[in-house]
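Peer 1: For reference, the sequence and a predicted model appear below.
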Amino acid sequence: MIYSREKTVCFTGHRPEKLPGFGETENASLNVIKSMLYYQIYQSAEEGYKYFISGLARGIDLWAAEYVFEVRKRFPDIKLICAKPFAAHGESFKNEDLWILSNVLSKADEVVCVTEKYSKDCYKLRNQYMVDRSSKLIAVVDDYKSGTGQTINYAKKQGLKINIINVNNYILKKKERKKGLFYLD
């Protein structure tokens, strides 16, 4: 598929265990973060972005890919490109993560394997691949000393527009959840 870098968005973000509410069925903070991610994708489509690249990691990457499919109902011309870090990526996924990955791959407009085999650099190479083909990055982050933080820094050096959803801004305090208050720090 030939696509325009100027019309392309990529994603970066943490795995579920690094986000608030890991292991909980319902978590208000995580639901707000997911809503913000959906909103950023929808807004990007409204702005004329047509191509979205997901790196297929558990958590933010896979959720973003699913949201692209949802947004495509309103903007049918948008496309999802999946960038697998290596050919066997996902073979160790289990349960819901495996189901989501399989579903995303089956509906993707294009799947690219950045490297053939796993190596210590394959995730970094995948992240660079996505950034090098995009003009905008949507990031969900709280730990800048992570692969997500490295991707943000690389995107800054490459001059991408960066929309950051800072996890710490959306963590609802326990007493606020109990009172039913939904304002954010």
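Peer 2: Done, it's in.
Peer 1: any low-confidence regions in the protein?
Peer 2: 23, 25, 172-185 (pLDDT under 70).
Peer 1: in it, which spans are helices?
Peer 2: 28-46, 60-72, 95-107, 122-132, 147-157, 174-179 (DSSP state H).
Peer 1: Just name the most buried of the ones you listed.
Peer 2: Each of the helices of the chain was scored by mean neighbour count; the highest is helix 60-72, a mean of 23, by mean count of other C-beta atoms under 10 Å. (Each C-beta comes from the backbone N, C-alpha and C, glycine too.)
Peer 1: Also compute the angle for that helix relative to helix 28-46, please.
Peer 2: Orientation check (axes from the mean of the first three to the mean of the last three C-alpha atoms, to 10 degrees): helix 60-72 against helix 28-46 gives 50 degrees.
Peer 1: just checking, what packs against helix 60-72?
Peer 2: On a contact count with 3 or more C-beta pairs under 8 Å, 6 or more residues apart in numbering; DSSP states H and E, helix 60-72 meets strand 8-13, helix 28-46, strand 51-54, strand 79-86, helix 95-107.
Peer 1: Output those as TSV; include the columns distance to Asn163.
Peer 2: Formatted as TSV, those follow (distance: least, C-beta to C-beta, whole Å):
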stretch	distance to Asn163
strand 8-13	9
helix 28-46	5
strand 51-54	13
strand 79-86	18
helix 95-107	21
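Peer 1: Quick check: the residue most central in space within the chain vs Ile152, distance?
Peer 2: By C-alpha atoms, centre = their mean, the mean C-alpha position of the chain lies nearest to Asp61, the distance being 3.2 Å. Note on Asp61: its distance to Ile152, by C-beta to C-beta, to the nearest Å, is 14 Å.
Peer 1: Same question for Val104.
Peer 2: 23 Å.
Peer 1: what do you get for Asp109?
Peer 2: On the measure of C-beta to C-beta, Asp109 and Ile152 end up 26 Å apart.
Peer 1: what about Ser135, neighbour count?
Peer 2: The number of residues packed around Ser135, counting by other C-beta atoms under 10 Å, is 19.
Peer 1: got it, and Asn166?
Peer 2: Neighbourhood size, Asn166 [other C-beta under 10 Å]: 14.
Peer 1: Would you mind measuring from it to Lys79?
Peer 2: Counting by C-beta to C-beta, the separation of Asn166 from Lys79 is 28 Å.
Peer 1: tell me the contacts of the residue nearest to the centre of the chain?
Peer 2: By C-beta atoms under 8 Å, 6 or more residues apart in numbering, the residues touching Asp61 are Phe11, Thr12, Gly13, Ser54, Gly55.
Peer 1: what bridges to the second one?
Peer 2: Think Thr12. Ala139 (DSSP bridges).
Peer 1: thinking Asp158 is in contact with Ser135, fair?
Peer 2: Actually, residue 158 is Gln rather than Asp. No. Gln158 is beyond contact range of Ser135, at 9.2 Å (criterion: C-beta atoms under 8 Å).
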